[in-house]
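Novice: please work out how this folds:
(one chain, ligands or ions: 1)
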Amino acid sequence: MRHTTLRQLEVFNAIVRHGSFTRAAEELFLTQPTVSMQIKKLTDAVGLPLFEQIGKKPYLTDAGRSLYKFSCEIFDHFARFEMTIADMKGLKQGKLRLAVVTTAKYFIPLMLGRFCQRYPGVDVSLKVSNRERVLQRMLENEDDLYIFGQPPDGVPTIAEPFLENPLVVIAPIDHPLAGLKVIPLERLVEQPVLAREAGSGTRMAAERLLAEHGLKMKVRMELGSNEALKQAVIGGLGIAVLSRHTLPLEFPGGRLTWLDVQGFPIKRHWYVVYPEGKRLSVVAQAFREYLLQHSADEPAGKVEAIA
Ligand code: PGA
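Specialist: As a prediction, this is how the structure comes out:
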């Protein structure tokens, strides 16, 4: 393996990421025979096949999987080293890999925009998924930092709150409960509810509050997006629990309002999270500090006052 080159590992890594030799060749501006040649040399050096071809798609063998993990670690060290050097030169440069839960997409892109204006050398990759999938990404160490609406349980992490995340009950403006004060939870659960998909943090928090009172919601329909939920509420299909961040600052307005239900708004926070023991890159560290110091000045920092 001593004669293995970084270039060979780079080619191998690109094939795994794209699941295709052709797309890897395109990404690296190489011809397909060059890609195949690099992989042949790498396979000879390892002494075991790295891929098995099923149909047109290359699948990793056990040796390939181990090599992929190893090559990711090498590139990670390399990127960290480059960032440290850039930092010594007085620049913040490099890649920031961020994975956030669905609802965080209402404010994280804006904050990333401001962060990147401050540090133009930073290149960002942002993955948006529900809580369960972001958790999976963290367990596989795929990103630098994670944003959750509640720190993961059972996994040792560093989780720091940086912003309020109140959850409210929304309804169409002509809903029979609209305008009533302190509606008991028992009345809420009589209503048909539109809920986010299982695995959503918002849904988990609402179910947890009800379970504390021995109650369960009547889920009429599950929808995998906050925007679809709002439209279905406007359409009169039911009420829904949503983060205040999914609603405009000047809410209530238009065809939606919120209900004054006992226990709501559920008071939660947004957390910036990373696994305990993970060494943050210079850029990840800078973004973490940016969130902790500046989020209160952002429009998203104003939601608590008006929830
Ligand atoms: P979700 O998570 O987008 O998966 O519902 C948000 C949260 O946990 O607040």
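
Novice: all contacts plus neighbour counts: C-alpha atoms, from now on.
Specialist: Will do.

Novice: centre of the chain to stretch 162-182, how far?
Specialist: 26 Å (CA atoms, centre = their mean, to the nearest Å).

Novice: report the buried residues of it.
Specialist: 162-173, 175, 177-178 (16 or more other CA atoms under 10 Å).

Novice: pLDDT below threshold where in the stretch 1-150 of the chain?
Specialist: In the predicted model of the stretch 1-150 of the chain, no residue satisfies pLDDT under 70.

Novice: now the strands for it?
Specialist: 51-54, 57-60, 94-101, 122-129, 145-148 (DSSP state E, counting those that start in this stretch).

Novice: for the fourth one, list the C-alpha coordinates in PDB.
Specialist: C-alpha atoms of strand 122-129 as PDB (Å, rounded to 0.1, in the frame of the first residue of the first chain):
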ATOM      1  CA  VAL A 122     -15.500  29.200   3.200                       C
ATOM      2  CA  ASP A 123     -17.200  26.700   1.000                       C
ATOM      3  CA  VAL A 124     -20.400  25.200   2.500                       C
ATOM      4  CA  SER A 125     -22.200  22.000   2.000                       C
ATOM      5  CA  LEU A 126     -25.700  21.900   3.700                       C
ATOM      6  CA  LYS A 127     -27.800  18.800   4.100                       C
ATOM      7  CA  VAL A 128     -31.400  19.100   5.300                       C
ATOM      8  CA  SER A 129     -33.200  16.000   6.600                       C
END
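
Novice: and it, what does it pack onto?
Specialist: If contacts are counted by 3 or more CA pairs under 8 Å, 6 or more residues apart in numbering; DSSP states H and E, strand 122-129 sits against strand 94-101.

Novice: report the inter-axis angle for the strand it packs on versus strand 122-129.
Specialist: 20 degrees (axes from the mean of the first three to the mean of the last three CA atoms, to 10 degrees).

Novice: check whether strand 94-101 comes near the ligand.
Specialist: Yes - using CA under 6 Å from any ligand atom, strand 94-101 reaches the ligand at Val101.

Novice: residues in contact with that strand?
Specialist: Residues from elsewhere that reach strand 94-101 (CA atoms under 8 Å, 6 or more residues apart in numbering): 79, 82-83, 121-131, 134, 137, 143-149, 201, 283-284.

Novice: partners of that strand in the sheet?
Specialist: Sheet pairing for strand 94-101, assigned by DSSP bridges, gives strand 122-129 (parallel), strand 145-148 (parallel).

Novice: once you drop chain neighbours, what's closest to the residue nearest in space to the middle of the chain?
Specialist: Nearest to the mean C-alpha position of the chain, by CA atoms, centre = their mean, lies Val100 at 1.9 Å. Spatial nearest neighbour of Val100, excluding adjacent residues (CA to CA, 6 or more residues apart in numbering): Ile147 at 4.6 Å.

Novice: quick one: that neighbour and Trp270 touch, right?
Specialist: Yes - under the criterion of CA atoms under 8 Å, Ile147 makes contact with Trp270 at 6.8 Å.

Novice: what about these two, which has more around it?
Specialist: Higher neighbour count among Ile147 and Trp270: Ile147, with 28 against 20, using other CA atoms under 10 Å.

Novice: bridged to the more buried one, which residues?
Specialist: Val100, Val272.

Novice: which ones are touching it?
Specialist: So Ile147 contacts 98-101, 104, 270-273 (CA under 8 Å, 6+ apart).

Novice: got the residues you listed as CSV, with distance to Ser295 columns?
Specialist: Formatted as CSV, the contacts of Ile147 follow (distance: CA to CA, whole Å):
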residue, distance to Ser295
Leu98, 16
Ala99, 18
Val100, 16
Val101, 17
Ala104, 13
Trp270, 10
Tyr271, 11
Val272, 12
Val273, 15
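
Novice: and the furthest pair within those residues?
Specialist: Leu98 and Trp270 (14.3 Å; CA to CA).

Novice: follow-up on the earlier one: can you pick out the most distant pair from the buried residues of stretch 162-182?
Specialist: Phe162 and His175 (34.2 Å).

Novice: filter the contacts of strand 94-101 down to the buried ones.
Specialist: The neighbour-count test (16+ other CA under 10 Å) marks 79, 82-83, 122, 126-131, 134, 137, 143-149, 201, 283-284 as buried among those.
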